[in-house]
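[1] Let's see this in three dimensions:
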Amino acid sequence: AATAHVYERDILGKIEDEGWQQQVRRVVLESNLGGLEEFSEKWYACIKEKMTRMNLCADWIVCAMEKEDCGFDLFERAFITGAAKMLPSYHALYLAYLAAVQDPAVVAALKATPPSADDELIQSHYTVVQLAAGKTLTAEPFARYFSS
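    Down below sits the predicted model:
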């Protein structure tokens with residue numbers, strides 16, 4: 001509840017458009033994405049706002065773990081702190097992942113010409129499907145796609 005108050009006061013209160021402010025509030029404070037087209041520009045903007053609040057929570061967790069009487073031993077505190085500190089990096093990876101797997105041109109190509117059910121690479125949940133020259137679909141494993 002404390003991070004919700006800080007988010008409302010310091011971030012949400014600065015959004016001038018009341019309709020947009022209400023939409024962001026629903027997403028960030030209620031996890032309500034109703035009325036947003038999935039993967040649209042506004043959807044991404046709301047997800048990024050939600051990440052801002054999640055980072056506030058992670059910052060507060062790090063502060064709590066600095067207190068010896070927080071209820072966790074030294075190893076647990078280090079583990080929890082490490083997890084909280086890597087949250088912003090995870091957010092960046094998640095957004096890159098979404099951009100890779102929700103490319104509108106690829107989504108349109110998949111709908112227009114669905115790939116064969118026995119095309120294991122394109123059907124795999126562990127690959128990024130791309131549109132190559134000549135409008136052919138290709139698939140690349142996540143590890144290779146994100147290695148650069």
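[2] Does residue 121 fall in a helix, a strand, or a coil region?
    Here residue 121 is recorded as helix under DSSP: H, G, I helix; E, B strand; the rest coil.
[3] Burial check on it, number of neighbours?
    14 (other C-beta atoms under 10 Å). For every residue, glycine as well, the C-beta is placed using N, CA and C.
[4] residues contacting it?
    127, 139 (C-beta atoms under 8 Å, 6 or more residues apart in numbering).
[5] That one and residue 54: what is the separation?
    33 Å (C-beta to C-beta, to the nearest Å).
[6] for this protein, which residue is closest to the average position?
    residue 94 (4.5 Å; C-alpha atoms, centre = their mean).
[7] helices and strands around the helix or strand hosting residue 62, which ones?
    In this assignment (DSSP states H and E), residue 62 forms part of helix 41-65. Judged by 3 or more C-beta pairs under 8 Å, 6 or more residues apart in numbering; DSSP states H and E, helix 41-65 is in contact with helix 2-10, helix 18-30, helix 74-85, helix 87-101.
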